[in-house]
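Chemist: here's a sequence, model it:
(one chain, ligands or ions: 1)
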Amino acid sequence: MSVRGLFITVEGGEGVGKSTNIAFLESFLSGHGVELVVTREPGGTSLGEDIRQLLLEPRPEPVDPLAELLLMFAARAQHISERIEPALAAGKWVLCDRFTDATYAYQSGGRGLDSGAVRGLEQIVQGVLRPDYTLLFDAPVSTGMARARGRGELDRFEQEQVEFFERVRSTYLQLARESSGRFRIIDASLPLEKVQDALLKIAGELLACWSVRHGSSD
Ligand code: Z5A
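Modeler: This is a model prediction of the structure:
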């Protein structure tokens, strides 16, 4: 039986550099022989990508926060059963751009839903599945917004006000304080070169954890 793969999630506010740094980390880890599945939420499956489009496209009517929450977890249920669990069980690492911490940050912190509702759905949809590591790219809201907004049309989330993103950021930082063993905070306001130096240190830690896991299974 193969050793279960590592489940790593990448989080942060908009425009903090998740996509850029996931590509960097993927190339570093693949170069070290890690078999890796790179994916994202909402999305990651055909059904999930359809749900993503529903969630991100601006709509004429206000979207009920509970409807938004349930769609996030509907996409997640499919993602876990179709891609995440099979990959982890086969010994592959999964590197996921956003996961349930984003739901705490956006739907609870940002939209104001009770975190108990998120927790309940987390139990139902994920069972015992939790990320092994979460890399939180943190930067002042104004920095992320300035980086993200050079790209043209804004999606439904990007149309939110600064106060919304401030709540998202402070929820992420609170989650990181509560689960400090799992979280690694990266200062994403630094120049890309420095961010990637920090990321390489963390990648070294992940590889060390992996070799311990392998060693203890021999
Ligand atoms: N959402 C939710 O509400 N609840 C949930 O449960 C989940 C998600 C899972 C889509 O996510 C939306 O879904 C998201 C929350 C919600 N909405 N928001 N906001 P997404 O991850 O697809 O969207 P995003 O956060 O807007 O990602 P992004 O805009 O693609 O940003 P990014 O991937 O973090 O950044 P990037 O594209 O790598 O970098 C942005 C630019 O900055 C780019 O030009 C880079 O070259 C540049 N960059 C990156 N790093 C640096 C540094 N260090 N210095 C200078 N410039 C840099």
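Chemist: pLDDT (mean, whole number) over the longest helix belonging to the chain?
Modeler: Taking DSSP state H as the criterion, the chain has its longest helix at helix 192-217. For helix 192-217, the mean per-residue pLDDT is 91.
Chemist: distance between that helix and the chain's centre?
Modeler: The gap between where helix 192-217 is centred and where its chain is centred comes out at 18 Å by Cα atoms, centre = their mean, to the nearest Å.
Chemist: how about it: buried residues?
Modeler: Residues of helix 192-217 classed as buried: 195-196, 198-199, 203, 206-207, 210 (neighbour count, 16 or more other Cβ atoms under 10 Å). C-betas here are computed from N, CA, C, even on glycine.
Chemist: same for that helix, what does it pack against?
Modeler: Applying 3 or more Cβ pairs under 8 Å, 6 or more residues apart in numbering; DSSP states H and E, one finds that helix 192-217 makes contact with helix 18-31, strand 133-138, strand 183-187.
Chemist: tell me the most buried of those?
Modeler: Most buried of the helices and strands packed on helix 192-217 by mean neighbour count (mean count of other Cβ atoms under 10 Å) is strand 133-138; its value is a mean of 22.
Chemist: right, and the helix or strand after that strand?
Modeler: Going down the chain from strand 133-138, the next helix or strand is helix 141-148, by DSSP states H and E.
Chemist: between that next one and helix 18-31, how many degrees?
Modeler: Per axes from the mean of the first three to the mean of the last three Cα atoms, to 10 degrees, the angle that helix 141-148 makes with helix 18-31 is 80 degrees.
Chemist: now tell me what touches helix 141-148 from outside.
Modeler: Outside helix 141-148, the residues within contact range by Cβ atoms under 8 Å, 6 or more residues apart in numbering are 12-17, 158, 162, 165-166, 169, 188-189.
Chemist: now do 6 Å
Modeler: The set of residues external to helix 141-148 that reach it, using Cβ atoms under 6 Å, 6 or more residues apart in numbering, is 13-16, 162, 165-166, 169, 189.
Chemist: Produce a ChimeraX select command limited to the buried residues of these.
Modeler: Those of the contacts of helix 141-148 that count as buried under 16+ other Cβ under 10 Å are selected in ChimeraX with:
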select :13,14,15,16,165,166,169,189
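Chemist: out of the contacts of helix 141-148, which is nearest to the ligand?
Modeler: residue 14 (3.3 Å; Cβ to the nearest ligand atom).
Chemist: ok so, going back, among the helices and strands packed on helix 192-217, which is nearest residue 173?
Modeler: With Cβ to Cβ as the criterion, residue 173 lies closest to strand 133-138 of the helices and strands packed on helix 192-217, at 6.8 Å.
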